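Undergrad: could you work out the structure for the sequence below:
(chains A and B)
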Number of protein chains: 2
Amino acid sequence: MLYSKLFGKSTKNLPADADSVNAGLLTRAGFIQKQLSGVYNYLPLGLRVLTKIQQIIREEMNAIGGQEIFMPVLSSEDSWIATKRHQMPVLFHLLGQDDIRYVLNPTHEEVVTPLAQKYLFSYRDLPLAVYQIQTKFRNEPRAKSGLLRGREFSMKDLYSFHATESDLDHYYDIVKNAYFKIFQRLGLGDITVLTFATGGEFSRYSHEFQTISDNGEDTIYLCSKCRVAVNKEIIAEQSTCPECGSADLQPVKAIEVGNIFKLRTKFSDAFNLRYLDESGQNQLVEMGCYGIGPSRIMGTLVEVFHDDKGIIWPKSVAPYQVHLIGLDLFDIETKNQADNLYQQLTDQKVEVLYDDRPDSTAGEKFADADLIGIPIRLVVSKRSLEKGGVEIKSRSSTETKIISPDDFRL
Amino acid sequence: MLYSKLFGKSTKNLPADADSVNAGLLTRAGFIQKQLSGVYNYLPLGLRVLTKIQQIIREEMNAIGGQEIFMPVLSSEDSWIATKRHQMPVLFHLLGQDDIRYVLNPTHEEVVTPLAQKYLFSYRDLPLAVYQIQTKFRNEPRAKSGLLRGREFSMKDLYSFHATESDLDHYYDIVKNAYFKIFQRLGLGDITVLTFATGGEFSRYSHEFQTISDNGEDTIYLCSKCRVAVNKEIIAEQSTCPECGSADLQPVKAIEVGNIFKLRTKFSDAFNLRYLDESGQNQLVEMGCYGIGPSRIMGTLVEVFHDDKGIIWPKSVAPYQVHLIGLDLFDIETKNQADNLYQQLTDQKVEVLYDDRPDSTAGEKFADADLIGIPIRLVVSKRSLEKGGVEIKSRSSTETKIISPDDFRL
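TA: Residues are numbered from 1 along each chain as shown, chains lettered A, B, ... in the order given. Below is the predicted model:
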């Protein structure tokens, strides 16, 4: 991509209403643009990152047998009355021309349970796991922290259906492991911890995945002995680690990036989702639900991977792998070399953002590269060519060296 | 994919409220499931088709320099007041906790124009083309015809921005050609015609892309001399073909699958979207908008490509390329051969749906294959193995033959 043509170039001005590091950097660098409080446009750079995060999640959901579906944004208020959740303050309500009362779904238990009912009849149809990557809506009293708490946001939600509690328990652990793998691939593995949370009516615990960050709005209590934490509600009930029994639980700030929950029969009961077991008995289906927020993860990545110059994307989700800067482009030979390198990398299917702007200074181009945060920076200039090639630098280091363009490998 | 595990198996019963061929077949075959009138769930088979349609459109938009972005579902009612469109009856309105009045966007001129304003300053920033593939909402008094007229549906919308009317005209023709290419790739090229429609305040004509279908809800008037048509509004004004002047215009039923429109300065004027031209003058930006509905196309494909047994998908958007049927699976040798072929094809990255159900009859499996409509059917049975291999049949023909599994090529 030519930076000169890119929609959503960087701006020096921090938006006046940016209330967080992620909103400030992502807006200044041209990844997102606020539409309304808690509602964002994704510009080309931002959509590339969001799509990569979603694709990593999709691959790991497919790997554990999740079948991808796509449920609607609109549901009938009646479904929410059936589960007694229609008065949840975060629901957006609206009225259609035909007097149907709709809800904008903040989660999809009210949709997926009746949907499963159309296809689940016998123990032979179980277990089943379906997921979607869909936009969700929350009528938040105060949207804040950029992509961390929005009114409209991207969510992956997986729902599993089981004949028995033990089969649910078994799959719950499979999902837990898939989540660890996802956070590992997103570069968040080392700072994301399994956190015990309350389990609701039917289960002792649920679990959150919390990424440790000074800018997090949650406080979790990290066990000094084992790699788990408990949230505020749990520490009010018990002062020891549920995993190892240690009493050394230290408060840290964190961002909730995922949660998994054994619904058990809460929703199958509400919608009478039953199956015939091997002995011909009608039984309620056991259910689990498992969420991850791709847009919130995008915000979290910026909160934890940045410096005073800008964002530092992990390779796995960076919008491009290489930020190629052409300097001295008034010089035809230099411009030809830079253009050729762009073409060569593009032919090799390397994702390159090429700053080909003729009128910007070297200082502006370097500052933009640091702000945007692509992992590898290449510079072609009169000086680099005199030295025999192209200057290479990693975003996360200050060291530069000159290599021959033919020696470049990702 | 194993059919025994697939979420959304076929059903023999036509849904009582299916009001169209596409709703009936897509529901019976397990592609979609109605949530509410005009609001559908996409099951795994259906989402695969929808995603393939979207991907073809995406590739052709990228090929003409379109930059993909993602704008929100929610906008502020104020933006619609600015363009005097806030009283359009198809708008869904809702109220947030903080008394913001929102609209669910049925189209995005009210979002993209102010968004472009943040990044367009000079003639150097033009031309620009941005697009998205997003869910749209229409508060239709009567949703009908399955995926053809929904309240919640998938839309690709491209917006272009130009310094001059002639540059807009030039790009408009580029998009027109891209649209023809898209419909060609979707298998609809031969029956989709460019149709002249009214152009609104600023242009003489806009254009629709209409797919000829007996079940279409539009009537267009097809020129017998050249490959264009005019819509009802145009024929009321003029009785000759705008392209060749012929007066032989014949009425046919058709489904509108796309439209392209020169907005000119209608929206740039409403939002004061201006640029500095080369002489330093402030000028209004010229705009075009270009829509295609992926979900409506999915419905259209079923309307035009089906027989009394089921759907006949074009290869380019079929959910899988091969429908492998295993018969006589009680016989271990036959089951091994069928399982091996499934594995072999999967290893070769062929998209296969494998009907491995042990308890279904041959008749049921053949009927399901015809209903689902995957282009190639392979059958492994005792009889096929005795004849030396696997039976192959195309969905669109009745001819079968036996081939060696090693000779199978897509």
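Undergrad: find the least confident helix or strand in chain A, judged by mean pLDDT.
TA: Lowest by mean pLDDT, DSSP states H and E among the helices and strands of chain A is helix A:232-237, with a mean of 93.
Undergrad: which SSE is immediately downstream of it?
TA: strand A:249-264 (DSSP states H and E).
Undergrad: returning to that earlier point: go through the least confident helix or strand of chain A and flag the buried ones.
TA: Residues of helix A:232-237 classed as buried: A:234-235 (neighbour count, 16 or more other C-beta atoms under 10 Å in any protein chain shown). (C-beta placed from N, C-alpha, C; glycine too.)
Undergrad: packing partners of it?
TA: Secondary-structure packing of helix A:232-237 (3 or more C-beta pairs under 8 Å, 6 or more residues apart in numbering or on different chains; DSSP states H and E): strand A:192-198, strand A:218-223.
Undergrad: in a markdown table, list the ones you listed along with distance to chain B.
TA: Below are these laid out as a markdown table (distance: least, C-beta to the nearest C-beta, whole Å):
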| stretch | distance to chain B |
| --- | --- |
| strand A:192-198 | 25 |
| strand A:218-223 | 22 |
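Undergrad: quick one: which of the ones you listed is nearest B:His170?
TA: strand A:192-198 (50.4 Å; C-beta to C-beta).
Undergrad: report the angle between that closest one and strand A:249-264.
TA: 60 degrees (axes from the mean of the first three to the mean of the last three C-alpha atoms, to 10 degrees).
Undergrad: okay, now A:Gln97: neighbour count?
TA: Other residues near A:Gln97 come to 15 when the count uses other C-beta atoms under 10 Å in any protein chain shown.
Undergrad: same thing with the one 5 residues further on?
TA: With neighbours defined by other C-beta under 10 Å, the count for A:Tyr102 comes to 25.
Undergrad: for A:Ser10, which residues are in contact?
TA: Residues near A:Ser10 by C-beta atoms under 8 Å, 6 or more residues apart in numbering or on different chains: A:28-30, A:368, A:371-372.
Undergrad: near chain B too, which of the residues you listed?
TA: A:Gly30 (C-beta under 8 Å from any C-beta of the partner chain).
Undergrad: kindly reformat the helices and strands packed on helix A:232-237 as TSV containing mean neighbour count and mean pLDDT.
TA: Below are those laid out as TSV (neighbours: other C-beta atoms under 10 Å in any protein chain shown; pLDDT from 0 to 100):
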stretch	mean neighbour count	mean pLDDT
strand A:192-198	21	96
strand A:218-223	20	96
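Undergrad: quick revisit: most neighbours, which of the contacts of A:Ser10?
TA: A:Ile372 (27 neighbours).
Undergrad: next, count neighbours for A:Asp406.
TA: Using other C-beta under 10 Å: A:Asp406 sits among 10 other residues.
Undergrad: that one belongs to a helix, doesn't it?
TA: Yes - A:Asp406 forms part of a helix when assessed by DSSP: H, G, I helix; E, B strand; the rest coil.
Undergrad: what pLDDT does it get?
TA: With respect to pLDDT, A:Asp406 scores 85.
Undergrad: distance of it relative to B:Leu284?
TA: Using C-beta to C-beta, to the nearest Å, A:Asp406 is found at 49 Å from B:Leu284.
Undergrad: on that earlier part again, possible to save the helices and strands packed on helix A:232-237 as TSV with distance to B:Asn22?
TA: Listed next are those as TSV, based on distance: least, C-beta to C-beta, whole Å:
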stretch	distance to B:Asn22
strand A:192-198	44
strand A:218-223	47
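Undergrad: closest one to B:Lys176 among those strands?
TA: Comparison of those against B:Lys176 by C-beta to C-beta identifies strand A:192-198 as nearest, at 49.0 Å.
Undergrad: following element in sequence after that closest one, please.
TA: Helices and strands here follow DSSP H and E; after strand A:192-198, the next one along the chain is strand A:205-212.
Undergrad: and A:Asp190, how many neighbours?
TA: 11.
Undergrad: so it belongs to a strand, correct?
TA: No - according to three-state DSSP, A:Asp190 belongs to no strand; its state is helix.
Undergrad: up against chain B, what does the stretch 51-200 of chain A have?
TA: So the stretch 51-200 of chain A meets chain B at A:65, A:67-76, A:89, A:92-94, A:96-98, A:100, A:102, A:104, A:111, A:115, A:118-119, A:128, A:130, A:135, A:137, A:139-142, A:151-152 (C-beta under 8 Å from any C-beta).
Undergrad: which one, of the helices and strands packed on helix A:232-237, ends up nearest to A:Leu36?
TA: The nearest among these, by C-beta to C-beta, is strand A:218-223 at 24.8 Å.
Undergrad: looking at the contacts of A:Ser10, which is nearest A:Leu353?
TA: Checking these against A:Leu353 with C-beta to C-beta, the nearest one is A:Ile372 at 7.4 Å.
Undergrad: ok, the nearest residue to the closest one once chain neighbours are set aside - contacts?
TA: Nearest non-adjacent residue to A:Ile372, counting by C-beta to C-beta, 6 or more residues apart in numbering or on different chains: A:Ala29, 4.9 Å away. For A:Ala29, the contact set (C-beta under 8 Å, 6+ apart) comprises A:10, A:45, A:310-311, A:368, A:371-373.
Undergrad: show me which of those has the smallest pLDDT value.
TA: A:Ser10 (92).
Undergrad: distance of that one relative to chain B?
TA: To chain B, A:Ser10 is 10 Å away according to C-beta to the nearest C-beta, to the nearest Å.
Undergrad: neighbours of the residue in the stretch 251-400 of chain A positioned nearest to chain B, how many?
TA: Of all residues in the stretch 251-400 of chain A, the one sitting closest to chain B is A:Asp359 (8.8 Å; C-beta to the nearest C-beta). Using other C-beta under 10 Å, A:Asp359 has 9 other residues around it.
Undergrad: for the closest residue to A:Leu14 other than its chain neighbours, grab the count of nearby residues.
TA: Excluding the flanking residues, the one nearest A:Leu14 by C-beta to C-beta, 6+ apart is A:Gly24, at 5.2 Å. By other C-beta under 10 Å, the residues close to A:Gly24 number 17.
Undergrad: same question for A:Tyr320.
TA: By other C-beta under 10 Å, the residues close to A:Tyr320 number 19.
Undergrad: centroid-nearest residue for chain A?
TA: A:Pro294 (2.2 Å; C-alpha atoms, centre = their mean).
Undergrad: and that residue, what does it touch?
TA: For A:Pro294, the contacting residues are A:50, A:53-54, A:57, A:133, A:154-156, by C-beta under 8 Å, 6+ apart.
Undergrad: and if we set it to 10 Å?
TA: A:Pro294 makes contact with A:49-58, A:133, A:147, A:153-156, A:186, A:257, A:317, according to C-beta atoms under 10 Å, 6 or more residues apart in numbering or on different chains.
Undergrad: please parse chain A into its domains.
TA: A:21-307, A:320-407 (automatic domain parsing).
Undergrad: mind checking which of those is nearest B:Cys244?
TA: domain A:21-307 (41.0 Å).
Undergrad: end to end on the closest one, go ahead and measure it.
TA: End-to-end span of domain A:21-307 (C-alpha to C-alpha, to the nearest Å): 10 Å.
Undergrad: and the pLDDT at A:His162?
TA: 98.
Undergrad: how much space between it and A:Ile292?
TA: From A:His162 to A:Ile292 the distance is 21 Å (C-beta to C-beta).
Undergrad: and for A:Pro242?
TA: For A:Pro242, the distance to A:Ile292 - C-beta to C-beta - is 22 Å.
Undergrad: do A:Thr361 as well
TA: From A:Thr361 to A:Ile292 the distance is 41 Å (C-beta to C-beta).
Undergrad: between those two, tell me which one has more neighbours.
TA: A:Ile292 (29 against 10).
Undergrad: please consider this matter closed, and thank you.
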